[in-house]
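*Asks:* Sequence first, predicted coordinates after that:
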Amino acid sequence: MNTNKEMKNHIIKIGILVVSIVTIGISMTYAYYTAKISGNSTIDDISAAEFHITSTLADSTAISNMTMHLIDASEIDLHADKVEFSVTNSATSTVSGQYYVYLVDVSITKNLYSKYFKWQLVRKTSLGESVIDSGNFENVVRTDQEVPGEGSNALTSVDKISLNKVALEIPKDTTDNLIFRLWLENDPDLNQVDLTNGSFQAKLKIEATPKSQNH
């Protein structure tokens, strides 16, 4: 146990994990039409809907951490790196929307393919926080080719990562306040020095569409 404690102090001193999340925003307008066709194949009803969605993601403060420390699970809310942003379905919309949040353009060193490198997507309301989804980078899907003899800190590209498995629904004239958290989780009984000298970079992306309407 004492040896592990010494190694964790070592991680804090020499860790050069780089976390740089570049945020991007959205501003989209959708217009779509549905038609009811009568028996003689003429259109007897046409309806239109507009969907206007915006996000503060482009203006949110990115994560940039040159010395990420291990933190205990109980300290996530206080000490995990985070990006706070909102998604708004405008009052001018005539339909509800739905959206997904992704990590894209992900570059990560092999040593961070780890269950201890974790993320969390949270919705924040006046009643507090609720976790939408969470995960880790242990089983990310690599998209570039492995180079023979490459080390554990080789930088790799991985496929986009969905941060919510189920689409988040957002009615018109509504704002969702979200938090994306990223952290290295401490295991007091494990030597985690293999997590040092790594790097991670990605972009947060939102994909939104109007929710299908029944007529």
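*Replies:* Perfect, I can see it now. This structure is a prediction, so every number in the text was calculated from the model and none was measured.
*Asks:* For the rest of this, base every contact and every neighbour count on C-alpha atoms.
*Replies:* Noted.
*Asks:* Who is the nearest residue to Asn164 once chain neighbours are set aside paired with across the strands?
*Replies:* For Asn164, ignoring the flanking residues on the chain, the nearest one in space by C-alpha to C-alpha, 6 or more residues apart in numbering is Asp133 at 5.7 Å. For Asp133, the beta-bridge partners are Leu121 (DSSP bridges).
*Asks:* if I look at Asp133, how far off is Pro148?
*Replies:* Going from Asp133 to Pro148 by C-alpha to C-alpha, to the nearest Å gives 36 Å.
*Asks:* These two: who's more crowded?
*Replies:* Between Asp133 and Pro148, counting by other C-alpha atoms under 10 Å, Asp133 is the more crowded of the two (16 against 6).
*Asks:* tell me the contacts of the more buried one?
*Replies:* Listed by C-alpha atoms under 8 Å, 6 or more residues apart in numbering, the contact set of Asp133 reads 120-122, 163-165.
*Asks:* before we move on, what about Lys211?
*Replies:* Lys211 is in contact with 95-98, 169, counting by C-alpha under 8 Å, 6+ apart.
*Asks:* of all these, which comes closest to Leu178?
*Replies:* Glu169 (13.3 Å; C-alpha to C-alpha).
*Asks:* Downstream of the helix or strand harbouring Ile53, the next helix or strand is which one?
*Replies:* In this assignment (DSSP states H and E), Ile53 forms part of strand 43-55. Moving toward the C-terminus from strand 43-55, the next helix or strand (DSSP H and E) is strand 64-65.
*Asks:* what about that next one, average pLDDT?
*Replies:* For strand 64-65, mean pLDDT is 80.
*Asks:* Quick check: what element follows it along the chain?
*Replies:* strand 70-71.
*Asks:* burial count for Ser114?
*Replies:* By other C-alpha under 10 Å, the residues close to Ser114 number 16.
*Asks:* Right, I'll call it a day here.
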